[in-house]
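Structure for this input, please:
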Amino acid sequence: MKKVWLSGLLTILIILCISGCSKNDGSTGGSSSDNAVISGAADFDPGQPSNSEKRGNDSAESNTLDGHSDADSHDAVDQGGSDNDKTTSDAAGSKSPDPAVSDGATIENPVASIARARIIDASKVKLLDVPETPLPDFTAVSELYEAFSSQISENKKEFSKQKTAPCIYITTEEKRSILSKEEYVASIIDVFNCDAEYELSAAAGVKVRGNSTADQSEDEKPYRIKFEKKQGMLGLNGGQKFKSWVLLRSYWNLAPDYMGFELAKTIFDGKYYSSDCCYVNLYINGEYRGLYLLCEQNQATKGRVGVNEPKADEYGLATGYYIEMDNYAGDEHPYFTLDHKKVDLTDVSGNTRQTFSRNYSIKSDINTKEQLYFIRDYITGCYDILYEAAEHDAAYMFDENMNAVPADGRYGSAREAVEAVMDPESLANMLILEELVHNYDVGAGSFFMAVDFSEESMYEKLTFLAPWDFNWAYYESGSEYFACTFQKVMDDGYDRSNIWFITAMKAEWFRDIVKEKWKVLNDASAIENTANRVVNACEKLSGDLGDEAWKVEMVKNIRTFVNDRRKWLDTQWSK
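Sure, this is the predicted structure:
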């Protein structure tokens, strides 16, 4: 106890010293001790290699140079205002996280100090190329809509008689097909067959979204909607208004994403962001396209993933970062490569494999390569600290050069060292979700995290959140772990294992976090109740499905799958 008390006192004194240095006449001088806590002592060298490069990883720089950003992805430079404008209401269903999102929140993240203290010479920064995908002009489509307003109105009345779920009617300019991922088609969006308060008619750009799903036939493509002005959609996310929304095709099994989002909502319990959603009937230029799932755009913006993004002329490191482990990195966003130490790792089931590289895309606004390098070094260090804690029960920390080094008694335990830089509860929640749904893409892409080093941060530690893409889930349940073990390598030779889950589950204290969360869920029958709620909601769609009403049976199969996984996981986590 005495050692822990002294370690805690020493940590507080060091933090006070850091604060004094950063406030003292603008000087960046700091300790020269080999094991000094990060203080922002050194001016940032724009040309410095990454820590991974120092260890022999030469892929990060080349990938960084290839990467670029698409501001369209998070609406930061939208025409007519940004999605990042502050909102006043809390989310319902997919609630905005509370600023204190970690049980380890009292342990200060030392990297915030270095991010805020480092001096960036604006004349030396390397700016990222940030192309913008503009919204089209809406004059022509507005005139077309006005000319055919009577016919459109009659169509809406007729469709309302036929359908139970809300309807979305898209009228495109010159009745163009929506086939491009790069170009928005000027459109008018009508939302109807719903409560009067949710009815809507507004101008928007619409384009195809997704990766493999974008190659589906024209009547099954997923879409991105980007309104000219912020709009609420059918009361989702507490009625908050955003420019960007998503339409996902339901396909043959109807509810893979719906089940995933509803489970996430239950597991996260409003503490971490996940998309809200509801089913809609989609019509494009009068043609019925089927049942779609209306979702939120997975983006950095207030009310969704609320990281603070820099303005166009802000080059400091103390900003927010929204990151995706991304197997499609390089096409739209700046990215870096993390090698996960390239060591042999044995998972909780006894399988040994060498860890491998993954690309990580920055999905929030950043302006410079210095910001990209900084977040790359932070994510690299966070994994290294987690690895040392889980594999060797050793406490590591960041030094002034953003390397992970032994903490030398500055934390009372390896767990505290991890909690200083990341939120283990958020990772445990994601693990529980992915174990339930058995998602084959769990370690390939759509694995999101956020951290924000600004003064008004909602994510002071690395936080895992915003689950997405369950199209390859609910297969081959089995009585074994999945998300936290090395996966079977598919025919394409790509290893989709999730190194974060595999590493974390080796730590007994992390397994305890998982078990504690599982007990809360299990005692309330929360997973079972959620699965039943999903089936009940889909059964109400039978009339809208018509000849495809058989899809409801597929939803029941998904429920059975989730319940079977729940029962087996209970044998592991209720011991």
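
what's the domain layout of this structure?
For the chain, automatic domain parsing gives the domain ranges 2-42+105-123+311-507, 139-296, 520-573.

S446 reaches E324, doesn't it?
Yes. Applying C-beta atoms under 8 Å as the test, S446 and E324 come out as touching, 6.8 Å apart. Where you see a C-beta, it was placed from the backbone N, CA and C, and this is true even at glycine.

Give me the spatial nearest neighbour of M402, chain neighbours excluded.
Counting by C-beta to C-beta, 6 or more residues apart in numbering, M402 lies nearest to D377, which is 4.1 Å off, once chain neighbours are set aside.

Next: Y475.
Closest to Y475 by C-beta to C-beta, 6+ apart is H438, at 6.2 Å.

Tell me how many other residues crowd the one you found.
A total of 21 residues lie near H438 under the criterion other C-beta atoms under 10 Å.

and if you look at F453?
With other C-beta under 10 Å as criterion, F453 counts 25.

pull the helix or strand with minimum mean pLDDT from this protein.
Ranked by mean pLDDT, DSSP states H and E, the weakest helix or strand in the chain is helix 59-66, scoring a mean of 38.

same for whichever strand or helix holds L291, what does it pack against?
When elements are assigned from DSSP states H and E, L291 belongs to strand 287-296. Strand 287-296 sits against strand 242-249, helix 256-268, strand 277-284, with contacts defined as 3 or more C-beta pairs under 8 Å, 6 or more residues apart in numbering; DSSP states H and E.

which one of these lies closest to T352?
helix 256-268 (29.8 Å; C-beta to C-beta).

Do me a favour and average the pLDDT over the closest one.
For helix 256-268, mean pLDDT is 98.

what angle sits between it and strand 277-284?
On the basis of axes from the mean of the first three to the mean of the last three C-alpha atoms, to 10 degrees, helix 256-268 is oriented at 150 degrees to strand 277-284.

Taking strand 287-296 as reference, get the angle to helix 256-268.
Put simply, helix 256-268 runs at 20 degrees to strand 287-296, going by the same axes, to 10 degrees.

Pull the residues that contact helix 256-268.
Around helix 256-268, the neighbours that count as contacts under C-beta atoms under 8 Å, 6 or more residues apart in numbering are 93-94, 248, 274-277, 279, 293, 295, 429, 432-433, 436-437, 439, 465, 467, 469-471, 473-474, 517, 521, 526-527, 529-531, 533-534, 537-538, 555, 558-559, 562.

which residues of the stretch 451-575 of the chain score low on pLDDT?
Of all residues in the stretch 451-575 of the chain, none has pLDDT under 70.

Strands of that one, start to end?
Along the stretch 451-575 of the chain, counting by DSSP state E, counting those that start in this stretch, strands occupy 463-465.

Can you classify the residue positioned nearest the centre of the chain by secondary structure?
Nearest to the mean C-alpha position of the chain, counting by C-alpha atoms, centre = their mean, stands F448 at 3.3 Å. Under DSSP: H, G, I helix; E, B strand; the rest coil, F448 falls in the strand class.

My guess is it contacts E324. True?
Yes. Here F448 reaches E324: they are 5.2 Å apart, a contact under C-beta under 8 Å.

Overlap of the contact sets of the two?
K363.

W509: neighbour count?
Neighbours of W509 (other C-beta under 10 Å): 17.

wait, what's in contact with it?
W509 neighbours (C-beta under 8 Å, 6+ apart): S413, A414, R415.
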